[in-house]
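Visitor: give me a 3D structure for the following:
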Amino acid sequence: MSYRRGVPGVLRGATGLIWLGLAILPGQFLLPTIARAQEPAAVQETQPDSTATQQPTPTPTAGQSAAPPPQQPAPQGPGSISGTVVDGTGALAVGAKVQLTRDDKTPAQEVVSGDNGDYAFSGVPSGPFHITVTASGFTTGNFSGQLNPGQVVVVPKITISLANAVTVVKVGGDSEEVAEEEIHEALQQRVFGFIPNFYVSYIPDAAPLHAKQKFYLAWRSNIDPITIVGAGFLAGLEQASDDFPGYGQGAQGYAKRFGASYADVFIGTFMDSAVLTTLFKQDPRYFYQGTGTTKSRLWHAISNAVICKGDNKQTQVNYSAIVGAFATGGISYLYYPASDRGIGLLMQNAAVRIGLGSVAGIFQEFVLQRYTSRARQRDPSQAQNP
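Guide: Okay, the predicted model is just below:
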């Protein structure tokens, strides 16, 4: 018998669990290698040949001054400037505007920080320079320095923090409109730039989602190409290990396993994150804490499986996840082989599904936030109604 049915719902949205499962399958979570900027090679001075014939140094005569020693040529040509932008939590800031200005009044240069929060300017003339980093809803970051001819300057990390007035956004607009904007931003959140991470909010006081918004978010999560690819990959693993032998082998066996895997994801996401959250008036998202002691953050992450935030913004028992674990398992008996059914297996799979919710919370709190690209907060001045 297999317990794979409990896996797909772990990150409370179709895809998160599948890729979390793939990540921890070999026993470790894979992190991207952080490339270090290469340091410029040191300039080696040419030593004189000791075997060469030495020319006598002429002795200055009276009234003549000694000739000055020969000067080494100074480095010539433009240099380059590069660096990284992070936010107040230390996460890489993607999409921030980085502007380079110089004291000689030459036109300013602008770039946007990349997926790793990095930026670079090449062909920069020597002289004093100033770096200014801006992002909507964040404070401005600044750095000033001196660039010598031909020098490669790596600027220390520039930190931009959330503006103090971010909470004004909630006061100035309609709750449903604010939630709609938050969903739009959530749909930009992807781990390593391609794995959907829609069901986490980095806004502590986010507006509650309305029923139609919960169903829309579940739908977008289910039809994401990575969700479908993940279900196919999981079906391939089940085929290779001959899980659910009642499905058989060959193309027909794989098709049945793929259909069952995707059905688990599809039904689980809608049941946990749309149907039951609407019925119990609960928020399906994980709310990233990011501050406080490690112990408090760990408790917040682990308890996510059984404790959630209601639509009234009050903490309550996570009935949606608990009931959903049993409901999803029960529905799956409609399409799983008879040999993989039974009340005992249903209880075990539901317990595993709930437990994996805690594992997902730990990854969200301590790992995935650093590698999730996300839309920046809106400018509070733009959210005010006239």
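Visitor: surely V200 and E365 touch.
Guide: No: counting by C-beta atoms under 8 Å, V200 does not reach E365; the two are 9.4 Å apart. C-beta here means a position set from N, CA and C on the backbone, and glycine is covered the same way.
Visitor: tally of neighbours for D205?
Guide: By the criterion of other C-beta atoms under 10 Å, D205 has 11 neighbours.
Visitor: looking at it now. What's its pLDDT?
Guide: Looking at D205, its pLDDT reads 87.
Visitor: same check, this time on the one 5 residues further on
Guide: Per-residue confidence for H210 comes out at a pLDDT of 94.
Visitor: not counting sequence-adjacent ones, nearest residue to it?
Guide: Leaving aside its sequence neighbours, H210 sits nearest to E176 (C-beta to C-beta, 6 or more residues apart in numbering; 5.5 Å).
Visitor: then R370?
Guide: In space, R370 is closest to A91, 5.3 Å off (C-beta to C-beta, 6+ apart).
Visitor: distance check, the one you found against E185.
Guide: 15 Å (C-beta to C-beta, to the nearest Å).
Visitor: what of A327?
Guide: A327 is 30 Å from E185, where distance means C-beta to C-beta.
Visitor: same check, this time on S144
Guide: Per C-beta to C-beta, S144 is found 32 Å from E185.
Visitor: likewise N148?
Guide: From N148 to E185 the distance is 42 Å (C-beta to C-beta).
Visitor: how far off centre is the helix ranked longest in the chain?
Guide: Longest helix in the chain by number of residues (criterion: DSSP state H): helix 343-366. Between the centre of helix 343-366 and the centre of its chain there are 23 Å (C-alpha atoms, centre = their mean, to the nearest Å).
Visitor: what does stretch 360-378 give?
Guide: Offset of stretch 360-378 from its chain centre (C-alpha atoms, centre = their mean): 5 Å.
Visitor: and after the host helix or strand of the residue nearest to H210, which helix or strand comes next?
Guide: Using DSSP states H and E, E176 sits within helix 175-186. Once the chain leaves helix 175-186, the next helix or strand it forms, by DSSP H and E, is strand 190-191.
Visitor: mind listing the strands the helix or strand following that following strand pairs with, and their directions?
Guide: As assigned by DSSP H and E, the chain's next helix or strand after strand 190-191 is strand 195-196. Here strand 195-196 has these sheet partners by DSSP bridges: strand 190-191 (antiparallel).
Visitor: thought D115 was touching V94?
Guide: Yes: applying C-beta under 8 Å as the test, D115 and V94 come out as touching, 5.7 Å apart.
Visitor: quick one: low-confidence ranges for the protein?
Guide: For the chain, applying pLDDT under 70 flags the ranges 1-76, 164-173, 374-386.
Visitor: recalculate using a threshold of 50.
Guide: For the chain, applying pLDDT under 50 flags the ranges 1-57, 62-63, 165-172, 375-386.
Visitor: can you give the domain ranges for it?
Guide: In terms of domains, the chain is parsed into 4-26+165-379, 79-160 (source: automatic domain parsing).
Visitor: ranges for the helices of this structure?
Guide: Counting by DSSP H, the helices of the chain are 14-24, 168-172, 175-186, 211-222, 225-240, 250-270, 276-280, 294-302, 319-332, 343-366, 380-383.
Visitor: among those, which comes closest to S80?
Guide: Evaluated over those, closeness to S80 peaks at helix 175-186, with 33.4 Å, by C-beta to C-beta.
Visitor: what angle sits between the closest one and helix 211-222?
Guide: Counting by axes from the mean of the first three to the mean of the last three C-alpha atoms, to 10 degrees, helix 175-186 lies at 10 degrees to helix 211-222.
Visitor: tell me the helices and strands packed up against helix 175-186.
Guide: Under the contact criterion of 3 or more C-beta pairs under 8 Å, 6 or more residues apart in numbering; DSSP states H and E, helix 175-186 touches strand 200-201, helix 211-222.
Visitor: nothing else from me, thank you.
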